[in-house]
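sequence? don't have it. structure:
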């Protein structure tokens, strides 16, 4: 039997680990049958040699481009998704309704007024309140973290612009992002509790470009909803350097951001029907919406292309797999996952027959690990997948992606493919998220991995059981 | 004697080469004396260990930032230059008047209207005419080069927006830039001659960022001055991809660019007076102005810092060199070199006593070659400099930098240090030209090279003679 990875052992705990060693023969027997592995491996190898995924992401970025939830462009994306799914030979192509917020960025600008006047590059965080038309002019106070602001005296903060200056670390997994992102989501509320007028954050991103990173801010009921914007990293350096002179720094922030009425729109769904158990579903997800700044190539045009192309290749096999492969292009991942929640609600009766769900939403970084949230008895299948893809095996505590969270109460099994995130956060949520950032070979490596995984799970004679209760906490 | 480089041989021509071989002993004897080389080498080594140049460019970018010719910020830069020169111990610190144009960018935007509506990132070329407030809406025609547009039938061009889509090559020397830049300077006039309404160019830059590259456009008397803007490279890709669909592409361009009255301002000058021949000048130049988009760190804060710090270090020697080192921070290199032309005019009587001029204006890329334009009999001195710096020797046809061109009629000898330009054009003339792009170690390597060169030429017993007639054509 294959070596158990440390993460696998930890996830099982010592007792289960011992019992799994004792029953190693049985566990191995419950892995993937040889014929399933053979076809999965062929799918994998063929996709590594080149796929049509790049054409899909090119089409989406060139013909639709930025497609923020609730915008006209998102409606065009739905039309694109329906058309493209049909063009690629999917069955049962249709839209599934959901309601999404419609936040509009408007005009925005920022400038240091004193001691050394300079314009800066910033962008409102998604969902931010706007400022009055003339802007907010206020002194700036710099803090290194959420904890640090909580320790301040409200008298120091009242009426000021709080500047969170916490650089994000570059990591291969999403650890750097997960560590940095609470400042973006919670910084405004933490500062508002002390009477701040607005917040600026250093971009949650690892680049040195003058392209600030947006992303959602979360307000808290009963706390003032103050304007929140991200400075590009070079501009955060500039503001910090002016503050470091010891002279008082004042800043003018103008955000035209505002909310418009909610919009009824849709996720897009298409299927490769199963040959024996069409009512059992292997769900491949990605999100169709994007932020408004870039053309949504890596986030999540890549995922859309990877999942559509992986399923299409399975659909071209002479013998379709036993179960149905369902590709869901979720509406509104970025603004509260209402598309995913509507999907879970609409398919409530069917979720017990969802044999697996996976999501691709980390650009084109190479797949380097397969994690899971499946019946622990079925971990040998995951070990087989890892061996087949030539990657590490991770924990059995995978979340799998934001759009899969609403499926957790129904204990839908999750397979998660960790991608190399080292370069992703240079471009994530910025104007720089454009087609040229897509590496076609890396894109194909992702298609290959998902095609092999989805085929194997859709074809295996038994299934992955049900996932452990609760939401996954891992990548 | 040191090996003669191929470029050196070519520059001399075969006949001179033979005679120089015959008189090799004499040529070597006319190189730098050992004591001069020893002190130059010490200056070089000490600067490689670390200098104060980074603090200078930090101060300029943080305390002044963008400083377009004619702007208020440029006036602040003059004050900064005078203050910083005094602070660093320069003598005879003063401003030298010149008149500069005052072009103002204003608001600008662009969007593809059909077939697939998307906003794009663009920026007006420097000096461009503006559009009407409502913008120009017109069909787009794509051309690969200046030559290609000249071959078009005016009927194909009339009333259209001409899109020059010629990618720039990344090169170690400035060849890639020099090959690409005629489209920027001359593209508007070439298209206007055929009746175009406006031009868009692919950025003259080697990056994939959504930060378009500005730079001067040159209009021609008697030809319509049509608006001209650069698309960022990802946006040029996007526009080309929409055109490649074969559907008609229309575009809306809005440029608020306009000229305001000329402004009287100044270059900044400071000196390290010579010990024996203070009336003889070794000129170290850089330009104090920048484009308006970035903070002018690599263009040309780096050069300002390199030349000021190189001279300061020479000034701290126990025994100052024979000749005066004069640092000139030229006004308005980017908008027509009026600072340099005013300098040449004001110092006309003194130019015969300018024993050398050099300019640093290519960021912090490492020095890898020393070129020249000196009396050919003095080439052994250049060979000594190359050996001392551990770099190649280039041609004797160096231009030396835009601000040195007005000195050519007076046959002022030029020493030119070629820098590695491989990364420079990722950021040149963009919003991304910020302090974080400065590599402090590479900056120090440049300081070290200029300190050694300037000291050696200021101290050598004889001089570099007079440069050959005409302007240099090399780097």
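That came through, no problem. The structure displayed is predicted, hence computed values, not measured ones. Residues are numbered from 1 along each chain as shown, chains lettered A, B, ... in the order given.

wait, a helix at residue A:260?
No. Secondary structure assignment places residue A:260 outside any helix; it is strand (DSSP: H, G, I helix; E, B strand; the rest coil).

for chain B, see how far away residue A:447 is.
The gap separating residue A:447 from chain B is 21 Å, by C-beta to the nearest C-beta, to the nearest Å. Just so you know, the C-beta spots here come from the backbone N, C-alpha and C atoms, and that holds for glycine as well.

and residue A:80, by the same measure?
Using C-beta to the nearest C-beta, we find residue A:80 at a distance of 10 Å from chain B.

shouldn't that residue be in contact with residue A:56?
No. Taking contact to mean C-beta atoms under 8 Å, the distance of 10.0 Å between residue A:80 and residue A:56 leaves them out of contact.

more neighbours: those two, which one.
Taking other C-beta atoms under 10 Å in any protein chain shown, residue A:80 and residue A:56 do not tie; residue A:56 has more neighbours (24 against 21).

spatially nearest residue to the more buried one, not counting backbone neighbours?
Distances taken as C-beta to C-beta, 6 or more residues apart in numbering or on different chains put residue A:305 closest to residue A:56, at 3.8 Å, once the chain neighbours are dropped.

so what's the one you found up against?
Shown in contact with residue A:305 (C-beta atoms under 8 Å, 6 or more residues apart in numbering or on different chains): A:53, A:54, A:56, A:57, A:60, A:443, A:447.

for the second one, give me its contacts.
Yep, that's residue A:54 we're talking about. Contacts of residue A:54 were listed using C-beta under 8 Å, 6+ apart, and they are A:305, A:438, A:440, A:443, A:444.

doesn't it fall inside a strand?
No. Following the definition three-state DSSP, residue A:54 is helix and is not counted among the residues of a strand.

from residue A:362, how far off is it?
Shown here: residue A:54 relative to residue A:362, a distance of 17 Å by C-beta to C-beta, to the nearest Å.

what parts of the stretch 201-350 of chain A come near chain B?
Counting by C-beta under 8 Å from any C-beta of the partner chain, the residues of the stretch 201-350 of chain A lying close to chain B are A:208-211, A:233-234, A:237-238, A:241-242, A:245, A:294-295.

in three-state terms, label residue A:186 for me.
helix.

quick check: bridge partners of residue A:122?
Here residue A:122 shows beta-bridge partners residue A:231, assigned using DSSP bridges.

please read the previous query as pertaining to residue A:398.
In this structure, residue A:398 has the following beta-bridge partners (DSSP bridges): residue A:474.

helix or strand: which one has the residue nearest to residue A:259 when sequence neighbours are not counted?
By the measure of C-beta to C-beta, 6+ apart, the closest residue to residue A:259 outside its immediate chain neighbours is residue A:103, 5.5 Å from it. According to DSSP states H and E, residue A:103 maps onto strand A:91-104.

what about the very next helix or strand once past that strand, near chain B?
Under the assignment DSSP H and E, the closest C-terminal helix or strand after strand A:91-104 is strand A:108-114. No. Strand A:108-114 is not in contact with chain B by C-beta under 8 Å from any C-beta; minimum separation 8.8 Å.

note down every partner strand of strand A:108-114 and its orientation.
Using DSSP bridges, the strands paired with strand A:108-114 in its sheet are strand A:118-120 (antiparallel), strand A:250-255 (antiparallel).

moving C-terminal of the one helix or strand residue A:326 maps to, what's the next helix or strand?
Under the criterion of DSSP H and E, residue A:326 resides in strand A:323-330. Sequence-wise, the next helix or strand downstream of strand A:323-330 (DSSP H and E) is helix A:338-346.

next, the angle from the helix or strand following that next one to helix A:338-346.
Heading C-terminal from helix A:338-346, the first helix or strand you meet, by DSSP H and E, is strand A:354-359. Here strand A:354-359 points in a direction 180 degrees away from that of helix A:338-346 (axes from the mean of the first three to the mean of the last three C-alpha atoms, to 10 degrees).

can you list which of the contacts of residue A:54 are found in helices?
Secondary-structure check on these using DSSP state H: residues within helices are A:305, A:440, A:443, A:444.

are any of those buried, and if so which?
Among the ones in helices among the contacts of residue A:54, the ones that count as buried by 16 or more other C-beta atoms under 10 Å in any protein chain shown are A:305, A:443, A:444.

if we can go back for a sec, make TSV from the ones in helices among the contacts of residue A:54 and add pLDDT to it.
Written out in TSV, the entries for those read as follows (pLDDT from 0 to 100):
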residue	pLDDT
A:305	98
A:440	98
A:443	98
A:444	98
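
how about the helices in the stretch 51-200 of chain A?
In the stretch 51-200 of chain A, helices defined by DSSP state H, counting those that start in this stretch lie at A:53-63, A:72-87, A:146-150, A:154-157, A:175-192, listed in chain order.

do you know which of those lies nearest residue A:463?
helix A:72-87 (25.6 Å; C-beta to C-beta).

just checking, what packs against the closest one?
For helix A:72-87, the elements it packs on are helix A:53-63, strand A:91-104, strand A:258-272, helix A:302-315, judged by 3 or more C-beta pairs under 8 Å, 6 or more residues apart in numbering or on different chains; DSSP states H and E.

out of these, which is closest to residue B:115?
Between residue B:115 and the helices and strands packed on helix A:72-87, the tightest spacing by C-beta to C-beta is seen for helix A:53-63, at 8.0 Å.
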